[in-house]
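1. Provided below for reference: sequence and predicted model.
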Amino acid sequence: MSTLTDILPSESQTPEASLRVVDVDHDEADELFDVLSSETRRNAYRCLFDEPATASELATRLDTSVQNVSHHVSMLEEATLVEPVGKRYSEKGNEMVVYGPASDPLVFVGREEIRPQVDRSLSEVVTGLGIIAAGSLFVQWGIYELLARQGTNAAGIETASRATELEGTQGLLAWLVFEAGEPGLIFFVGCLLIAGLVSLTLYR
């Protein structure tokens, strides 16, 4: 049975939460600690990291009333911990705001002088992970594309040596795809290991 939380086509967008670094001795940190002192507020905040949601969806997840959730979400929004990331419409046409985290990650630092270093380091990490992820997708696509093309070529008439070469290459690619695991994932993990070893070498 359809309910008010059944959603019709919506105007929503993917949240692009940015890095936020807060000094623990700053008034901003006091406000954040105060807002997050409520267990319900923390649970709502945590749920929005899992998936952006409306107040009614959060109420269902947290097993509480929509009014209660709306109050806590407004407190989180005032502290710039969450923000509207889109809107959805119920089957009755009621507009509902979709909330998501305003900052990801949220980092507290103990000394103000190291804040620029933390900002720079975390930004580099996020950028690096994005590049590796894009490379992994390219590797995944390339392996499947190459396997498909070689499968098509192998169906034609080839010399014995060429056929043997194709069979060996196809066997290796098939092993990578079906036995060793996803090639894109292997590339991603391998890059992380290399980056970790390089970091240990440079900063030891």
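-> Cool, the structure landed.
2. am I right that Ala195 falls within a strand?
-> No. Ala195: not assigned to a strand; according to DSSP: H, G, I helix; E, B strand; the rest coil it is helix.
3. and Glu91, its phi and psi?
-> Main-chain dihedrals, Glu91, degrees, to the nearest 10: phi -60, psi -20.
4. check it and give its pLDDT.
-> At Glu91, the model reports a pLDDT of 77.
5. residues near it, how many?
-> Neighbours of Glu91 under the rule other Cβ atoms under 10 Å: 12. Where C-beta positions appear, they are placed from N, C-alpha and C, glycine not excepted.
6. try Ser103
-> Neighbours of Ser103 (other Cβ under 10 Å): 16.
7. mind checking how far it is from Glu31?
-> To Glu31, Ser103 is 14 Å away according to Cβ to Cβ, to the nearest Å.
8. now Phe108: which helix or strand?
-> Using DSSP states H and E, Phe108 falls within strand 103-109.
9. swap that for His71, please
-> With DSSP H and E as the test, His71 turns up in helix 66-78.
10. now for that helix, which elements pack on it?
-> In terms of contacts (3 or more Cβ pairs under 8 Å, 6 or more residues apart in numbering; DSSP states H and E), helix 66-78 is packed against helix 27-35, helix 39-50, helix 55-62, strand 82-90, strand 95-101.
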